[in-house]
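**Student:** Model the following, please.
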Amino acid sequence: MKRKTALIAFGGNALLPDNKHGQQEDQQKNAQKAAELMVHVLKKGYELILVHGNGPQIGNLLIQMEAAAGKVPPYTLDVGDAMTEGSMGYMLEKALINELRRNSLDKEVASIVSQVIVDKDDPAFQKPTKPVGPFYTKERAIELQIEKKWTMVEDAGRGWRKVVPSPKPIDVVPKWIIRDLVQAGRIVIAAGGGGVPVIIDGNGLFRGVEAVIDKDYAASLLAREVKVDLFVILTAIERVYIDYGKPGQREAPVLTVDEARKHLEDGQFPPGSMGPKIRAAIEYIEAGGEEVLITTASHLKAALINRSGTKIIATG
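**Tutor:** Numbers count the residues shown, from 1 in each chain. Modelled structure (predicted):
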């Protein structure tokens with residue numbers, strides 16, 4: 001019998017908030033808080049897949065590599081993605097195992113460094129837009145453009161940064177391994193940071209690329225492929241709002257796919273914030289998914305009993 005499954009996606013700032021400076025201790029404490037929440041969902045009868053972001057973590061890693069570049073050659077971004085996926089997976093896995101033991105729950109946890117395929121002809125490769133890593137002076141930025149062929153942009157008066165493509169994911173390589181593990185009753189941490197971006201070259205072989213995959217799109221794709229019953233997107237606000245930040249803003253406890261798409265087309269959900277989450281939700285529902293829940297980590301318990309959050313469903 002197929003087990004009821006939930007996929008929960010949350011940002012890298014859940015482990016490393018903006019007001020923290022990257023200490024390992026901070027991330028371990030927040031991993032413990034995340035584990036407590038995940039065990040609550042487990043007790044609701046769901047098997048679990050977790051997809052985490054890695055924005056703050058990959059940024060810090062790139063800064064470390066730049067600082068040591070004179071002594072140790074830096075890794076490419078795809079390898080950096082894999083490094084953060086592994087380190088964050090370890091922290092979450094350990095926290096989950098300990099929390100399961102505290103609750104006398106006999107479950108195993110597996111972290112999978114996940115390659116995610118993107119189209120080598122994706123238009124995003126022609127127009128990099130995602131800033132990553134440290135800030136540079138204009139002079140150093142020009143040097144890096146020449147030496148490494150990086151695309152550099154001035155970032156809001158704070159300095160110059162490297163920008164990389166953000167292509168859409170088209171396949172999660174270990175999806176059947178993930179599915180089999182979940183159906184066997186394991187908790188799986190996968191596609192962290194959107195996964196490690198790879199293309200298929202002219203010889204049919206995988207090749208890592210310097211890119212960043214949006215974790216919400218990767219999570220939606222994995223939710224569709226594994227056919228989960230509930231797709232949860234944890235974000236910074238309790239509910240989705242219409243006319244957010246305006247005098248007439250109003251909550252949207254439930255949205256149909258058609259309503260969500262219309263609001264998206266009307267510009268209600270900006271590309272840099274709620275937009276990708278709404279698109280990810282629409283893609284999941286249109287592929288046959290049952291329900292998307294968008295809320296904050298602190299409101300997830302209430303949202304699971306329809307007292308908070310926003311549900312996105314196929315029809316009203």
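
**Student:** Would you mind giving the domain segments of this protein?
**Tutor:** For the chain, automatic domain parsing gives the domain ranges 1-115+168-234, 128-164, 236-287+298-316.

**Student:** Which of these sits closest to D121?
**Tutor:** domain 1-115+168-234 (9.1 Å; Cβ to Cβ). C-betas here are computed from N, CA, C, even on glycine.

**Student:** Figure out how far that closest one is from the centre of its chain.
**Tutor:** Centre-to-centre, domain 1-115+168-234 and its host chain are 7 Å apart (Cα atoms, centre = their mean, to the nearest Å).

**Student:** Mind checking the pLDDT average for the longest helix seen in the chain?
**Tutor:** Longest helix in the chain, counting residues (DSSP state H): helix 77-102. In this model, helix 77-102 has a mean pLDDT of 96.

**Student:** Helix or strand next in line after that helix, which one?
**Tutor:** Proceeding N to C from helix 77-102, the next assigned helix or strand is strand 109-112, under DSSP states H and E.

**Student:** Now that following strand: buried residues?
**Tutor:** Across strand 109-112, burial judged by 16 or more other Cβ atoms under 10 Å covers V109, A110, S111, I112.

**Student:** any chance of those in JSON lines, plus pLDDT?
**Tutor:** JSON lines is the format used below for the buried residues of strand 109-112 (pLDDT from 0 to 100):
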{"residue": "V109", "pLDDT": "98"}
{"residue": "A110", "pLDDT": "97"}
{"residue": "S111", "pLDDT": "97"}
{"residue": "I112", "pLDDT": "97"}
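
**Student:** just to revisit the earlier point, to D122, which of the domains of the chain lies closest?
**Tutor:** Here domain 1-115+168-234 is closest among these (Cβ to Cβ), at 6.4 Å.

**Student:** Tell me if P56 really is in a helix.
**Tutor:** Yes. According to DSSP: H, G, I helix; E, B strand; the rest coil, P56 belongs to a helix.

**Student:** so how many other residues sit close to it?
**Tutor:** 20 (other Cβ atoms under 10 Å).

**Student:** what bits of this protein have low per-residue confidence?
**Tutor:** Residues of the chain meeting the criterion pLDDT under 70: 1, 13-22, 316.

**Student:** try 80
**Tutor:** The model of the chain has pLDDT under 80 over residues 1-3, 12-23, 156, 272, 316.

**Student:** Which stretches in it count as helices?
**Tutor:** Ranges of helices within the chain are 24-43, 55-67, 77-102, 138-148, 175-183, 215-226, 257-265, 275-286, 300-303, based on DSSP H.

**Student:** so of the ones you listed, which one's packed in deepest?
**Tutor:** Stretch with highest mean neighbour count among the helices of the chain: helix 215-226 (a mean of 25; mean count of other Cβ atoms under 10 Å).

**Student:** still on that earlier bit, same list, the domains of the chain, but as JSON lines with distance to D122 please.
**Tutor:** As requested, those are exported to JSON lines (distance: least, Cβ to Cβ, whole Å):
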{"stretch": "domain 1-115+168-234", "distance to D122": "6"}
{"stretch": "domain 128-164", "distance to D122": "11"}
{"stretch": "domain 236-287+298-316", "distance to D122": "15"}
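
**Student:** just checking, A218 touches G192?
**Tutor:** No. Look at A218 against G192 with Cβ atoms under 8 Å: they stay out of range, at 9.0 Å.

**Student:** Against W160, how distant is the spatially most distant residue from the centre of the chain?
**Tutor:** For the chain, the residue at maximal distance from the C-alpha centroid (Cα atoms, centre = their mean) is E139, at 33.3 Å. Distance, E139 to W160, by Cβ to Cβ, to the nearest Å: 9 Å.
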